[in-house]
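Enquirer: Structure of the sequence below:
(one chain, ligands or ions: 1)
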Amino acid sequence: MSVSFETRGNVAVALVDRPPVNAIDAGVRAGLLDAIARAAADPAIDALVVACVGRTFMSGADLSELGSSIPPPPYAALLGALENFAKPVIAAMHGTPMGGGVEIAMACHYRCATAGTRLGMPEITLGILPGAGGTQRLPRLVGIEGALDLLLSGAPIDAKRARELGLIDEIIGDDVVEGGVGFARQLIERRAGARPTRARPAPPPLSESMIAAAVARHARGLKGRTTQNLVFESLRAASDLPFDEGLKLEARLSANSLETIESRALRHVFFAERACGRIPGIESSSAPTPEVRRAAVIGAGTMGSGIAMALADGGVSVSLIERNQAALDRGLKIISDNYTQSMQRGRIDAATAAARRALIQGSLAFESARDADVVIEAVFEDFDLKRSVLAQIDPIVRPDAVIASNTSSLSMTALASLVARPERVIGLHFFSPAHVMRLLEIVRGARTSDATILFALALAKKLRKVGVVVGDGFGFVGNRMMLDGYFREAEVMLLEGVAPERIDAVMEQFGFAMGPNRVNDMAGVDVGTRVRAELAKRESRPPPYHVVSDSLTALGHLGQKTGRGIYRYEASDRTPLPNPELKLLTQALAEKYGVAAREVSDEEIQERCVLSLVNIGAQILDEDLAYRAADIDVVWTSGYGFPRWRGGPMFYADTLDIEYVVSRIEKYWPVAPLLRQLASDGRTFADWDRARGS
Ligand SMILES: NC(=O)c1ccc[n+]([C@@H]2O[C@H](COP(=O)([O-])OP(=O)(O)OC[C@H]3O[C@@H](n4cnc5c(N)ncnc54)[C@H](O)[C@@H]3O)[C@@H](O)[C@H]2O)c1
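Expert: Residues are numbered from 1 along each chain as shown. So this is what the prediction gives:
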């Protein structure tokens, strides 16, 4: 039984216990209905408290029930029974009540929560409109603008804010049952009766100016999205229609929202991010979850200092090792400045900043890595240097310690060649800035052991990153697709005479936050040139492979940092301006490499940038460098700015139809064999993933 029933004097308590996060499934709904009936049948009961044991109040709908028809009893029956109960019903919350859990709480008459509670309506992040009365009850409790903010951002708020908004009535002590019962007693004493949310006045009509202001407040998250239109329609119903009619409209819109490509894409990425922690053929449950307490990072440059912060943010203590005092001081200063800035921006409090900073100790000796569970080197991208650093660290560290490299281009298998235990060596490809970017490419070398892979996945989790295990090929997964596909095409189009502004505009329209040329200028044109120079030692690529960027690098036109790159910049201004010099450069290069000027349509720009990703993604799967198509989608949505609401390149191809994708790709490039195979079998990448049992 997932719900127990007890009485404390004249207060009944319905206690939900469905580990791990009290997701609301059929058993929970039935159990709560049962508890309500028992409380109703007992005349000695004056109030009913709904609370949960474990980590949190009901966190939300059971996502596995989504999309199928929801098994009985329906939500509506439960919500109606709570709301129509004759005596006060109190939701007593703790943890992270989300979505359906908050909708249940809103159907109760009163709400209280422990101080640490964070609650929210995150449905929009999955492209879904709440369907259990959320859009009808929320504006009756917090007003229309508060409802707009909660429903459009999807972000949780803390108990204090929830109380200010009117979403909860009282903040209680940490024992949630005791607190809930205490609050119930106060209500009984005050003779506060049942207080159905539905009986509260309807909110004022939603005006166009309110919508415009809310959209402006949440513009970033809503770019390219459509779910917000359902939120507006449903909130309009809350003010315009009788309550029950509003519920009906909401239910219909909510069901429709599940069918949209946007929602399917967002849910695909949500599940893909969870699935990539499971590796086919490696039984993670058989091994204990590895503990990561101490780490050493070698090199305190851009990446090393960011990685040290990522570790400290995850509660791991770090020895940050440099080759000389000046470099170490520079790195430690970057770290201190960063924590001070986060504090000034209100992201963390002073105590947290100090505690995290204190977890990082500088050192000039490899000996400081002696106790580390993991060592991550982030020295210059130089094969001999990195290989020797790994070999030197090997005899110092514990035999079970993991030895990792943050290389972005070198072969992990080759880097491990001088290490006595290559099975403990792995690539941890962090992205810049390492303490912010969510993606961690975990690169398995030829001899990396399963235990080491599991360790890396556990580390990613501890740092709250998505770890995707990839093979040790050219550019791993993300950079290979970017350099051989997306960015390469963007450069060839420059040679064909297409303006960089147009390419960027088309890709921003597609949903990338920034087009490829702006990204190149922002990152520094030389960064790519350096990575490609290393990669060329593994495999060469024929010209005109990135000749524009490489020429700009040679000229010292490195992008924003030098005021000139693909675009031109005024001093201390990041706005890209037209750059007449680029035209001359691309014309000269086009002539040199025999690239003819062409008219290129917007459709072609988009196809060449996006479908090149699909084609190379398929090759990567064929070459066994990624376990699943969905893993590639995670890499691109969490590390390279591919719009999450399009589900990643491989999911996007599925939604376009694979046969159609093949027909377009063959206009430009040889089609990857796997794509042809899928098209002739009438299958999708999702089918391919499923058939592989992943
Ligand atoms: N910058 C990026 O965007 C990025 C992204 C992913 C991966 N990477 C990779 O991360 C690594 C580091 O890149 P970065 O941009 O931080 O470089 P960086 O030049 O900023 O920092 C490298 C640091 O390593 C130190 N170092 C060099 N030799 C050392 C030694 N023997 N012992 C201790 N310290 C030593 C240097 O003093 C320097 O501070 C490279 O392998 C790079 O390819 C970089």
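
Enquirer: before we move on, what SS does P72 have?
Expert: Here P72 takes the coil state, with states given by DSSP: H, G, I helix; E, B strand; the rest coil.

Enquirer: May I have the residues that are in contact with it?
Expert: Contacts for P72 were tallied using C-beta atoms under 8 Å, 6 or more residues apart in numbering; they are A26. Where C-beta positions appear, they are placed from N, C-alpha and C, glycine not excepted.

Enquirer: Give me the distance between it and the ligand.
Expert: Counting by C-beta to the nearest ligand atom, to the nearest Å, the gap between P72 and the ligand amounts to 51 Å.

Enquirer: tally of neighbours for G301?
Expert: 15 (other C-beta atoms under 10 Å).

Enquirer: Give me the local confidence score for the nearest residue to E245 once chain neighbours are set aside.
Expert: Leaving aside its chain neighbours, E245 sits nearest to A237 (7.1 Å; criterion: C-beta to C-beta, 6 or more residues apart in numbering). For A237, the pLDDT comes out at 97.

Enquirer: number of nearby residues for the nearest residue to G99 once chain neighbours are set aside?
Expert: What sits nearest to G99 in space, not counting adjacent residues and going by C-beta to C-beta, 6+ apart, is G60, at 3.8 Å. Residues lying near G60 (other C-beta under 10 Å) number 25.

Enquirer: quick one: G60 and V28 touch, right?
Expert: No. Using C-beta atoms under 8 Å, G60 is not in contact with V28, being 11.3 Å away.

Enquirer: related to what we said a few turns ago, how much space between the residue nearest to E245 and L150?
Expert: Distance, A237 to L150, by C-beta to C-beta, to the nearest Å: 17 Å.

Enquirer: neighbour count winner among the two?
Expert: A count of neighbours by other C-beta under 10 Å puts L150 above the other of A237 and L150, at 26 against 22.

Enquirer: wait, is the more buried one part of a strand?
Expert: No. Secondary structure of L150 (three-state DSSP): helix, not part of a strand.

Enquirer: Would you mind confirming that it is in contact with T135?
Expert: No. Taking contacts as C-beta under 8 Å, L150 lies outside contact range of T135: 10.2 Å.

Enquirer: what's the helix or strand that L674 is a member of in contact with?
Expert: L674 is part of helix 673-681, with elements assigned from DSSP states H and E. Residues from elsewhere that reach helix 673-681 (C-beta under 8 Å, 6+ apart): 614-615, 618-619, 621-622, 658-659, 661-662, 665, 684-685, 687-688.

Enquirer: Just the buried ones from those?
Expert: Applying 16 or more other C-beta atoms under 10 Å to the contacts of helix 673-681, the neighbour count classes V614, N615, A618, Q619, L621, I658, V661, V662, I665, T684, F685, W688 as buried.

Enquirer: ok, the second one - contacts?
Expert: With contact set as C-beta under 8 Å, 6+ apart, N615 has these partners: G485, I665, W669, V671, A672, L675.

Enquirer: Could you turn the buried ones of these into a ChimeraX selection?
Expert: Command for ChimeraX, covering only those of those found buried under the criterion 16+ other C-beta under 10 Å:
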select :485,665,671,672,675
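
Enquirer: Adding pLDDT, write the contacts of N615 out as a markdown table.
Expert: Converted to a markdown table, these look like this (pLDDT from 0 to 100):
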| residue | pLDDT |
| --- | --- |
| G485 | 97 |
| I665 | 98 |
| W669 | 97 |
| V671 | 98 |
| A672 | 98 |
| L675 | 98 |
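
Enquirer: ok, the contacts of N615 vs the ligand, which is closest?
Expert: When the contacts of N615 are compared for distance to the ligand (C-beta to the nearest ligand atom), G485 wins out at 18.7 Å.

Enquirer: can you pull the contacts of the closest one?
Expert: G485 touches C609, S612, L613, N615, I616, counting by C-beta under 8 Å, 6+ apart.

Enquirer: got it, and E145?
Expert: Residues near E145 by C-beta under 8 Å, 6+ apart: M210, A214.

Enquirer: re earlier: after the helix holding L674, which helix or strand is next?
Expert: Next along from helix 673-681, by DSSP H and E: helix 685-691.

Enquirer: continuing past the lowest-mean-pLDDT helix or strand in the chain, what's the next helix or strand?
Expert: In the chain, no helix or strand scores lower on mean pLDDT, DSSP states H and E than helix 219-222, which sits at a mean of 92. Note on helix 219-222: by DSSP H and E, the next helix or strand toward the C-terminus is helix 227-240.

Enquirer: about what we covered before: mind pulling up the pLDDT for the residue nearest to G99?
Expert: pLDDT recorded at G60 is 86.

Enquirer: Which parts of the stretch 501-650 of the chain are helices?
Expert: For the stretch 501-650 of the chain, applying DSSP state H, counting those that start in this stretch gives helices covering 516-523, 525-538, 547-555, 580-593, 602-622, 629-639, 649-656.

Enquirer: now the longest one against helix 516-523, angle please.
Expert: Read it as helix 602-622. If you take axes from the mean of the first three to the mean of the last three C-alpha atoms, to 10 degrees, helix 602-622 sits at 70 degrees to helix 516-523.

Enquirer: before we move on, what about the fourth one?
Expert: Per the same axes, to 10 degrees, the angle that helix 580-593 makes with helix 516-523 is 110 degrees.

Enquirer: And the second one, by the same measure?
Expert: Between helix 525-538 and helix 516-523, the angle comes out at 100 degrees (the same axes, to 10 degrees).

Enquirer: which residues touch the residue of the chain at minimum distance from the ligand?
Expert: Proximity to the ligand, evaluated over the chain using C-beta to the nearest ligand atom, is greatest for G301 at 1.7 Å. Residues in contact with G301 (C-beta under 8 Å, 6+ apart) are A327, G331, A378, V379, F380.
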